[in-house]
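> Pasting a predicted model and its sequence here:
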Amino acid sequence: SSSGGAAGRADLLDSVVFFARGFVVRPSTTPAPPKSPAMAAADGFNPSKTKINDDTLADWLKNKIEMDLEVVPGVGPATAGKLRDAGVDNTHALIGKFLMLKDADVQTHMDAFYNWLAEIGISAHRNTIVLSVAEKVDIFMPGTYDASLYADE
């Protein structure tokens, strides 16, 4: 498996073909609570902390969305149980929750999803889950995720 980082992922996305029809999203009207910059930095999404390899991510991105939560990279049996306890019974519902937290600012959106996962008791592989869902959604809703925001300077 290669480790091409953000640039490799961008190339990977160019090779993925995905057709979506009839998908309607109604945004949440509840604003996310404000966070201090220090809290955001300490408690936010950081794709460099993912343990996903490029092959696993590529498989997830090119395959159709399955109902089983455990097909999402980073989601195992314990995490799937916590998601179900929070009312998220399948992958489509997980993507729906991700979209409900959408904000005009990509980083705020990623942090909101990351922090929601923490709130429901998920501590392992949060960065991987956020990255996987964000990259998948960005295929059929371009602009949802921007890997360049997290590139090493």
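Received, thanks.

> Name the residues of stretch 82-92 that are buried.
Neighbour-count burial for stretch 82-92 flags 82-83, 86, 88, 90-91 (criterion: 16 or more other C-beta atoms under 10 Å). Bear in mind the C-beta positions are built from the backbone N, C-alpha and C, glycine included.

> for V71, what are its contacts?
Applying C-beta atoms under 8 Å, 6 or more residues apart in numbering to V71 gives the contacts 60, 63, 91.

> Check which helices and strands the helix or strand hosting G96 is in contact with.
With secondary structure defined by DSSP states H and E, G96 is part of helix 91-100. Helix 91-100 sits against helix 106-119, helix 126-140, with contacts defined as 3 or more C-beta pairs under 8 Å, 6 or more residues apart in numbering; DSSP states H and E.

> I'd like the distance from the shortest one to the chain centre, please.
Between the centre of helix 106-119 and the centre of its chain there are 9 Å (C-alpha atoms, centre = their mean, to the nearest Å).

> Mind listing residues that contact that helix?
Contacts of helix 106-119 (C-beta under 8 Å, 6+ apart): 32, 35, 40, 43-45, 97-98, 101-103, 126-127, 129-130, 133-134, 144-146, 149.

> Just want the angle from it to helix 91-100.
130 degrees (axes from the mean of the first three to the mean of the last three C-alpha atoms, to 10 degrees).

> So which bits of helix 106-119 are buried?
Within helix 106-119, the residues scored as buried using 16+ other C-beta under 10 Å are 106, 108-117.

> Now pLDDT and distance to G74 too, for those, in CSV please.
Listed next are the buried residues of helix 106-119 as CSV, based on pLDDT from 0 to 100; distance: C-beta to C-beta, whole Å:
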residue, pLDDT, distance to G74
V106, 93, 19
T108, 95, 21
H109, 95, 18
M110, 96, 14
D111, 96, 17
A112, 97, 17
F113, 97, 12
Y114, 97, 11
N115, 96, 16
W116, 97, 14
L117, 98, 9
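
> before we move on, the earlier item: nearest to V72, of the contacts of V71?
V72 lies nearest to T91 out of these, by C-beta to C-beta, at 5.9 Å.

> And the residue nearest to H92 when sequence neighbours are not counted, how close does it get to F140?
Once flanking residues are discounted, H92 sits nearest to I65: 6.5 Å by C-beta to C-beta, 6 or more residues apart in numbering. Using C-beta to C-beta, to the nearest Å, one gets 10 Å for the distance from I65 to F140.
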